[in-house]
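Engineer: sequence plus predicted model, see below.
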Amino acid sequence: MAKYLLLKHYRGAPASVNDVPMDQWTPEEISAHVQYMNDFAARLEKTGEFVDSQALAPEGTWVQYGGEGRPPVTDGPFAETKDLIAGWMIIDVDSHERAVELAGELSAAPGAGGKPIHEWLELRPFLHARPTVTECLLHG
């Protein structure tokens, strides 16, 4: 099994087919979108492929180490930024092909007018630790 992070972008990704910003959706359209996401996650829980997911608020703050004895440096909130993450889902699947298949399905969540968004999702594999010298000697 391999873990993948699916990132949903408010902005910063290529425009989707149904490119109506969520703040212009009706409450019913938002509910349908959230229900699709919940149903998708529930189905993956049954197959053992779902790990976790969260929606994120549009505001946030950049934080950087300020130096010895100094407070952290901050910049934000960044709601006007080009790239804004709307939420994420972690899946644990047997192959990259399965991860791509599920990301494609999640991309079809409904948006304005109840039509699929066809949004771009960023699919990122978790970084695995490199094998130790001992593991290399045992398997090499």
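Structural biologist: Alright, I've got the coordinates.
Engineer: drop to CA atoms for contacts and neighbour counts, all remaining ones
Structural biologist: OK.
Engineer: buried sites along the longest helix belonging to the chain?
Structural biologist: Within the chain, and with DSSP state H defining each element, the longest helix by residue count is helix 27-47. Residues 29-30, 32-34, 36-37, 40-41, 44 are the ones in helix 27-47 that count as buried (16 or more other Cα atoms under 10 Å).
Engineer: show me where this protein has helices.
Structural biologist: Using DSSP H, helices in the chain cover 27-47, 96-106, 133-139.
Engineer: tell me the mean pLDDT over the longest helix of the chain?
Structural biologist: Averaged across helix 27-47, the pLDDT comes to 96.
Engineer: and that helix, what does it pack onto?
Structural biologist: Judged by 3 or more Cα pairs under 8 Å, 6 or more residues apart in numbering; DSSP states H and E, the packing partners of helix 27-47 are strand 50-55.
Engineer: in its sheet, what does the strand it packs on sit against?
Structural biologist: When pairs are called by DSSP bridges, strand 50-55 turns out to pair with strand 84-93 (antiparallel).
Engineer: may I see the buried residues of the partner strand?
Structural biologist: Result for strand 84-93 [16+ other Cα under 10 Å]: buried residues 84-85, 87-93.
Engineer: stretch 3-19 too?
Structural biologist: Within stretch 3-19, the residues scored as buried using 16+ other Cα under 10 Å are 3-10, 13, 18.
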